[in-house]
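Trainee: Take a look and give me a structure for this.
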Amino acid sequence: MFEIAVIEDPTAAEVSLDPIRARLLAALTEPASAATLASRVGLARQKVNYHLRALEQHGLIELVEERRKGNMTERVMRATAASYVISPVALAAVRPDPAAQAPDRLSARWLLALAARLVQDVGALITGADRAGKRVATFAVDGRVRFASATDRAAFAEELAATLTALVSKYHDEKAPGGREHRVLLALHPSADPAPTRSTDDDTTEE
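Mentor: From the prediction side, this is the model:
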């Protein structure tokens, strides 16, 4: 089982978003049979089996073992991942394209378009790497910073941009033989915790 899997197929995405099937996926982080799941989620076993077939057909769950019980064979299933992310590829006709928009460092919607492309690109890399039995060479940092004022936040963003620009210029080699291009994405946004501590400064901006 993977920690996280990316759903790129539109039909698989539709299957995963069904409320009952989503509940079954969540319950199948641990192997279970249809009978066990039926009692756990309060549904008839026949109905559970129907949903399990759809989930299995789209690669969202897998067979762990088969147990013989009298004249019947009980199939024990498990989710293929502990959690799932739906790639923008699943909505190809309407997926955001940051390259088609005017770059705007202060636009939350442009940031969202960049994040969607990140999910799409890294999802495709993970899918390919899984098929090849390899790992993807990535690096990520997740941190928190509390600003005393909007002025401090602006100064931080300006210094961060300058530092990153200098770092990219230092290591970027357009003519390196055998070199491989990497994408760098840097983002700064207000925390979206359930109960964030707010100041008198308004974090919203016009887009």
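
Trainee: can you give me the helices for the protein?
Mentor: With helices called from DSSP state H, the chain shows them at 10-17, 19-27, 34-41, 45-57, 108-132, 150-171.

Trainee: quick one, which of the ones you listed is nearest to residue 69?
Mentor: helix 34-41 (9.2 Å; Cβ to Cβ). All C-beta atoms are positioned from the backbone trio N, CA, C, and that covers glycine.

Trainee: What mean pLDDT does that closest one get?
Mentor: Average pLDDT, helix 34-41: 93.

Trainee: Equivalent analysis for stretch 121-137, please.
Mentor: 91.

Trainee: which residues sit against that stretch?
Mentor: With contact meaning Cβ atoms under 8 Å, 6 or more residues apart in numbering, stretch 121-137 is reached by 2, 5, 6, 8, 85, 87, 89, 138, 183.

Trainee: Derive a ChimeraX selection command for the buried subset of the residues you listed.
Mentor: Buried subset of the contacts of stretch 121-137, written as a ChimeraX selection, criterion 16 or more other Cβ atoms under 10 Å:
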select :5,6,8,87,89
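
Trainee: picking that back up, could you dump the helices of the chain to a markdown table with distance to residue 96?
Mentor: Shown next, in a markdown table, are these (distance: least, Cβ to Cβ, whole Å):
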| stretch | distance to residue 96 |
| --- | --- |
| helix 10-17 | 16 |
| helix 19-27 | 24 |
| helix 34-41 | 35 |
| helix 45-57 | 28 |
| helix 108-132 | 4 |
| helix 150-171 | 22 |
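
Trainee: for the protein, which residue is closest to the average position?
Mentor: Central residue of the chain (Cα atoms, centre = their mean): residue 85, 3.6 Å from the mean position.

Trainee: Isn't that residue up against residue 4?
Mentor: Yes: using Cβ atoms under 8 Å, residue 85 is in contact with residue 4, at 6.3 Å.

Trainee: hmm, back to that, could you measure from the residue nearest to the centre of the chain over to residue 123?
Mentor: 7 Å (Cβ to Cβ, to the nearest Å).

Trainee: Quickly list what's touching both of the two.
Mentor: In contact with both residue 85 and residue 123: residue 6, using Cβ under 8 Å, 6+ apart.

Trainee: who's the closest residue in space to residue 81 that isn't next to it in sequence bridged to?
Mentor: Computed as Cβ to Cβ, 6 or more residues apart in numbering, the closest residue to residue 81 that is not its neighbour in sequence is residue 5, at 3.5 Å. Counting by DSSP bridges, residue 5 is bridged to residue 84.
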